[in-house]
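1. Sequence plus predicted model, see below.
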Amino acid sequence: MEKELLDKINAALDKALEDLQANPDFIFENELERLKFEHGEPKELKNWKKLQKCVVEGCSNKSISKSHTIQKSSSIKELAENSHVLTPSFNRKTGEMEMLSIGVNEASTFPGYCSKHESLFSEFENVKEFKTGEHMGLQLYRTVCREIVIKEHQKKAFEDIKKRYLKFRDKMMTDAIIANLDEETLNTPTLEFKNFTVKSNDARLNILKHQIKSAEDTLNSFLYPYRDAILNDLKKNKLQKVAYVAINFNQQIPIALAGKGNFYFKGKNVDVIMNILPIKDNTYIFFSTLKKHTEALKLFMSQMGNPLKMFCVIESCIIHGTDHWFIKPSVWNEIKPDLQRKILNSINDNKYCIADSFQMTIFNELKQTYFDLADKQPNIPSDVAQLITFEKEKSTMK
């Protein structure tokens, strides 16, 4: 009798485990339950913008609520229409990126610095331009600090989701095992059911583990080392551990960006901190990485010698790099609605990096100005002519 009972329990257990491996979603009662689990944000993710300790190493003061990574008084206001800009935002309920209208007081803010260390950036914010290498270094520093704050909170959030999932999975697996047993077995007097603990992996758990490890790797391999390197160079007032290339473009590009991107050089990954900041009638563009990647960075930035190519590279950076960017609403609204959706669906596709060309246009008017100027030139190099033809075919204008 005991052997028959044990065989039935083992069979029920095997069936539940087979179902889990074949389809991890079987533990959800219905589609609504699955969506509620997936889109229920953990506390860490929802609260990442709440006050915390100042991000400056060794400082125990509380941060202020709104440190701007991108200057409000210059770049954000330059792009604003009716005191608002547009920024991509992930809708957890629909599972899609959307364009969110956000006020200039809220755009590009995070709880980063205490009031004392917030004043580090006051000099170039007051003059509304970057006049020295120190100004650019400080902007790079606060960009990497924001990346660290977000990545640390993402890691905590994924760990929280993992804990909730394991607890939920154990409960649902216990119910599934009981459901696979017949009534006679369940009524066995000597049989008492307690919660089962599942030790095996499944597809959903593997994804969560990968997300946690990816966040850890990004922090340890680049963000922390870069933060320490840029601080070293700021303190010593010379480039020792980081490299950067800066461009002051004499036209306003209708986008403001500050974040991390990556590309590949000789088969190796190169992480970079990117800043594209429109101020008055020009745009500051400066990208930076660790010193060991100096050659790779210079080669990548050399593309920006041609304005049309520069616009294309920036489009790739906002689609295949960071989603921390803000655009002038009228520029976005020039794009056909169906192509807006295609552009949003392309954001943060991990198959691509910032060196990969994006196949649609965002800066229609800006590129058209370049096309008009090129039409007036008698002799255009063949490679430039080919680029113009290719870019004209990518137009998304209404």
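-> Here it is on my side, so go on. Numbering: from 1, shown residues only.
2. and the longest helix for this protein?
-> Ordering each helix of the chain by length in residues (DSSP state H) puts helix 133-179 first.
3. Distance from the chain centre to that one, please.
-> Distance of helix 133-179 from the chain centroid (CA atoms, centre = their mean, to the nearest Å) equals 13 Å.
4. Kindly report the same for stretch 301-319.
-> That offset, for stretch 301-319, works out to 19 Å (CA atoms, centre = their mean).
5. Show me which residues of it are buried.
-> Across stretch 301-319, burial judged by 16 or more other CB atoms under 10 Å covers 301, 304, 306-319. Every C-beta, even on glycine, is put in place using the N, C-alpha and C of the backbone.
6. Would you mind pulling the contact partners of that stretch?
-> 245, 247, 249, 251, 253, 255, 257, 261, 274, 276, 285, 287, 325, 343, 346-347, 349, 352, 354-358, 360-363, 366-367, 370, 384, 387-388, 391 (CB atoms under 8 Å, 6 or more residues apart in numbering).
7. CA atoms of it as CSV?
-> Extracted in CSV, the C-alpha atoms of stretch 301-319 (Å, rounded to 0.1, in the frame of the first residue of the first chain):
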residue,chain,number,x,y,z
MET,A,301,33.3,59.8,-33.0
SER,A,302,35.1,60.4,-36.3
GLN,A,303,31.9,59.6,-38.1
MET,A,304,30.4,62.9,-36.8
GLY,A,305,32.6,65.0,-39.0
ASN,A,306,29.8,64.9,-41.5
PRO,A,307,26.6,66.6,-40.2
LEU,A,308,24.3,64.2,-41.9
LYS,A,309,26.2,61.2,-40.6
MET,A,310,26.1,62.9,-37.1
PHE,A,311,22.3,63.0,-37.2
CYS,A,312,22.2,59.3,-38.1
VAL,A,313,24.6,58.4,-35.3
ILE,A,314,22.5,60.3,-32.8
GLU,A,315,19.4,58.6,-34.0
SER,A,316,21.1,55.2,-33.4
CYS,A,317,22.2,56.4,-29.9
ILE,A,318,18.6,57.2,-28.8
ILE,A,319,17.2,53.9,-30.2
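8. domain ranges for the protein?
-> 2-70+108-236, 243-393 (automatic domain parsing).
9. Which one, of those, ends up nearest to Glu98?
-> For Glu98, the closest of the domains of the chain is domain 243-393, at 6.8 Å, according to CB to CB.
10. Can you give me the first-to-last residue distance of the closest one?
-> Criterion CA to CA, to the nearest Å; first-to-last residue distance in domain 243-393 is 36 Å.
11. If you average pLDDT over each of the domains of the chain, which is lowest?
-> Least confident of the domains of the chain, judged by mean pLDDT, is domain 2-70+108-236 with a mean of 77.
12. Could you grab the helix/strand/coil label for Ile64?
-> coil (DSSP: H, G, I helix; E, B strand; the rest coil).
13. how deep is it tucked in, by neighbour count?
-> Using other CB atoms under 10 Å, the number of residues around Ile64 comes to 17.
14. likewise Lys376?
-> Lys376, neighbours per other CB under 10 Å, totals 6.
15. Now do it against Thr369, distance only.
-> Distance of Lys376 to Thr369, computed by CB to CB, to the nearest Å: 12 Å.
16. ditto for Met172
-> Taken as CB to CB, the span from Met172 to Thr369 is 59 Å.
17. More neighbours: which of these two?
-> Met172 (19 against 13).
18. What is the neighbour count of the closest residue in space to Lys241 that isn't next to it in sequence?
-> Nearest residue to Lys241 in three dimensions, chain neighbours excluded: Ala229, at 3.6 Å (CB to CB, 6 or more residues apart in numbering). Per other CB under 10 Å, the neighbour tally for Ala229 reads 21.
19. any idea how far Ala229 lies from Lys298?
-> Counting by CB to CB, the gap from Ala229 to Lys298 is 17 Å.
20. One more: Glu159?
-> Glu159 is 38 Å from Lys298, by CB to CB.
21. Among those two, which residue is more densely surrounded?
-> Glu159 (16 against 11).
22. ok, that one - contacts?
-> Contacts of Glu159 (CB under 8 Å, 6+ apart): Ile212.
23. measure it to Ser89 for me?
-> Taking CB to CB, one finds Glu159 at 23 Å from Ser89.
24. cool, and Lys156?
-> 20 Å.
25. which of those two has more neighbours?
-> Legend: neighbour count by other CB under 10 Å for Lys156 and Ser89, higher for Lys156 (18 against 14).
26. Run a quick neighbour tally on the closest residue to Leu339 other than its chain neighbours.
-> Nearest residue to Leu339, sequence neighbours excluded (CB to CB, 6+ apart): Thr396, at 4.3 Å. Applying other CB under 10 Å, we find 17 residues neighbouring Thr396.
27. From Lys367, how far out is Thr396?
-> For Thr396, the distance to Lys367 - CB to CB - is 10 Å.
28. what residues do those two have in common as contacts?
-> Thr361.
29. Wait, a helix at Lys260?
-> No - assigned with three-state DSSP, Lys260 falls outside any helix and is strand.
30. wait, isn't it in contact with Ile273?
-> Yes - if you go by CB atoms under 8 Å, Lys260 and Ile273 touch, sitting 6.0 Å apart.
31. Of the buried residues of stretch 301-319, which belong to helices?
-> 301, 307-319.
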